[in-house]
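K.L.:
Sequence unavailable; structure follows:
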């Protein structure tokens, strides 16, 4: 099944300039695997090297965080709005 | 992480005084806590023009907000949705360093590495230390992990 995945515009270097990608899959895991095959830079930078989702990547299906659904096994269907957003954080931690 | 990044490094950030002034005011008012938000603008070759800033709540755990910030990713999704038919886009993020120089910390650089095309504006509060309150940074595309200063004009 073909699903549209939205990627923030500030990640366009990893997606050949696209902020809307099409991926094949019936679960979030399958979508991410497919996205990674098409966009290896995206896979390497924002997903874990072992292909598992890393802690800094947030995935939303129709606005719901998949951590509160079935995580990577969350099912998706055509017409769902899937967004991936790396965490936005940091801060002036005083370094010794 | 290997260097898979290509493209031109952001060379210049145009940040008008009417937008930078309120960032400093917001940062000072919120001491000892860090403030944060989204930066909206346009890209033109290797220049970025800021057209608006959007203050966001700091969603880092309350006890850590003096030295850390976090922006709810849903906020970015909402704002990008509202910008879909606009020439503007979210070009980066800002946050304050209430007690340290406006230079990316190791923690900042960890997150910068996830955002190769974003501008990171850091607002210093203790500006006497460095002379300038606002400095901008982006990921150094040559190594994909260090921070590179972007000239603010």
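P.N.:
Yes, it's here. Everything numeric in this text was worked out from a predicted model, so none of it was measured.
K.L.:
Please enumerate the strands of the chain.
P.N.:
Chain wasn't specified; assuming chain A. In chain A, the strands defined using DSSP state E lie at A:2-6, A:20-24, A:57-61, A:64-65, A:82-86, A:88-90.
K.L.:
actually chain B
P.N.:
B:12-14, B:36-44, B:47-56, B:69-71, B:89-97, B:119-124, B:134-139, B:147-152.
K.L.:
Any idea which of those gets closest to chain A?
P.N.:
strand B:89-97 (3.2 Å; C-beta to the nearest C-beta). C-beta coordinates here come from the backbone N, C-alpha and C atoms, glycine included.
K.L.:
measure stretch A:36-56 end to end?
P.N.:
Using C-alpha to C-alpha, to the nearest Å, the end-to-end distance of stretch A:36-56 comes to 16 Å.
K.L.:
If you count neighbours, what's buried in the lengthiest helix in chain A?
P.N.:
Within chain A, and with DSSP state H defining each element, the longest helix by residue count is helix A:28-38. Residues of helix A:28-38 classed as buried: A:28, A:29, A:30, A:31, A:32, A:33, A:34, A:35, A:36 (neighbour count, 16 or more other C-beta atoms under 10 Å in any protein chain shown).
K.L.:
Same question for stretch B:25-36.
P.N.:
Using 16+ other C-beta under 10 Å as the test for burial, stretch B:25-36 gives B:26, B:27, B:30, B:33, B:34, B:35, B:36.
K.L.:
Show me which of the residues you listed is closest to chain A.
P.N.:
Nearest to chain A among the buried residues of stretch B:25-36: residue B:34, at 5.5 Å, using C-beta to the nearest C-beta.
K.L.:
tell me the contacts of that closest one?
P.N.:
Residue B:34 makes contacts with A:91-92, B:58, B:60, B:65-69, B:95-98, as judged by C-beta atoms under 8 Å, 6 or more residues apart in numbering or on different chains.
K.L.:
Same question for residue A:18.
P.N.:
A:7, A:12.
K.L.:
Test for you: state the pLDDT assigned to it.
P.N.:
Per-residue pLDDT puts residue A:18 at 86.
K.L.:
So, low pLDDT: which residues of chain A?
P.N.:
Within chain A, the stretches with pLDDT under 70 are A:47-54, A:95-96.
K.L.:
ok, now how distant is the residue nearest in space to the middle of it from residue A:8?
P.N.:
Nearest residue to the geometric centre of chain A (C-alpha atoms, centre = their mean): residue A:84, 3.5 Å. Remark: distance between residue A:84 and residue A:8 (C-beta to C-beta, to the nearest Å) = 8 Å.
K.L.:
Show me the beta-bridge partners of residue B:137.
P.N.:
Beta-bridge partners recorded for residue B:137 (DSSP bridges): residue B:120, residue B:149.
K.L.:
What is the burial count for it?
P.N.:
Per other C-beta atoms under 10 Å in any protein chain shown, the neighbour tally for residue B:137 reads 24.
K.L.:
Kindly state the pLDDT recorded for it?
P.N.:
pLDDT at residue B:137 comes out at 97.
K.L.:
quick one: contacts for it?
P.N.:
Counting by C-beta under 8 Å, 6+ apart, the residues that residue B:137 touches are B:103, B:104, B:108, B:112, B:119, B:120, B:121, B:122, B:147, B:148, B:149, B:150.
K.L.:
With adjacent residues omitted, what lies nearest to the second one?
P.N.:
Okay, so that is residue B:104. In this structure, residue B:104 finds its nearest non-sequential neighbour in residue B:147, 4.2 Å apart by C-beta to C-beta, 6 or more residues apart in numbering or on different chains.
K.L.:
ok, back up a step: now the strands of chain A in CSV, with distance to chain B?
P.N.:
Output for the strands of chain A, formatted as CSV (distance: least, C-beta to the nearest C-beta, whole Å):
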stretch, distance to chain B
strand A:2-6, 7
strand A:20-24, 10
strand A:57-61, 4
strand A:64-65, 8
strand A:82-86, 4
strand A:88-90, 4
